[in-house]
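Colleague: okay, predicted coordinates and the sequence, questions at the end:
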Amino acid sequence: MSTVLTVVRYLGTCIQLVGVVVLAVPAIGGGVTNTHLTVGLSLIIFGYLAHIVLNKILKS
């Protein structure tokens with residue numbers, strides 16, 4: 001499997017990790033706002049859906 005396909009395969013997971021960081025950094029720093037929560041949750045949901053869709057596309 002080529003390197004590009006490997007990166008694409010794990011792209012959804014990487015997006016989820018970015019969402020977790022967006023949620024964790026303000027929580028540790030004490031500055032949690034609704035914007036941070038909305039962006040973090042949106043990234044996690046988008047990453048989850050991207051992971052499913054990209055893996056289905058790559059398997060077919």
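Modeller: Looks like it arrived, so ask away. The shown structure was predicted, so the numbers you read here are calculated from the model rather than taken from an experiment.
Colleague: how about the nearest residue to Q16, chain neighbours excluded?
Modeller: Nearest residue to Q16, sequence neighbours excluded (C-beta to C-beta, 6 or more residues apart in numbering): G47, at 3.5 Å. (Glycine included, C-beta is placed from N, CA and C.)
Colleague: that neighbour: neighbouring residues, count only.
Modeller: Neighbourhood size, G47 [other C-beta atoms under 10 Å]: 20.
Colleague: name the helix or strand for it, please.
Modeller: Assigned by DSSP states H and E, G47 belongs to helix 34-59.
Colleague: and that helix, which residues are buried?
Modeller: Residues H36, G40, L43, I44, G47, A50, H51, L54 are the ones in helix 34-59 that count as buried (16 or more other C-beta atoms under 10 Å).
Colleague: which one of those residues is nearest S60?
Modeller: The nearest member of the buried residues of helix 34-59 to S60, counting by C-beta to C-beta, is L54 at 11.3 Å.
Colleague: ok, that closest one touching T13?
Modeller: No: the criterion here is C-beta atoms under 8 Å, and L54 misses it with T13 at 9.8 Å.
Colleague: any common contacting residues for these two?
Modeller: Both L54 and T13 lack any common contact, where contact means C-beta atoms under 8 Å, 6 or more residues apart in numbering.
Colleague: residues touching the residue lying closest to L5 once chain neighbours are set aside, list them.
Modeller: Once flanking residues are discounted, L5 sits nearest to L58: 6.5 Å by C-beta to C-beta, 6+ apart. Going by C-beta under 8 Å, 6+ apart, L58 touches L5, V8, R9.
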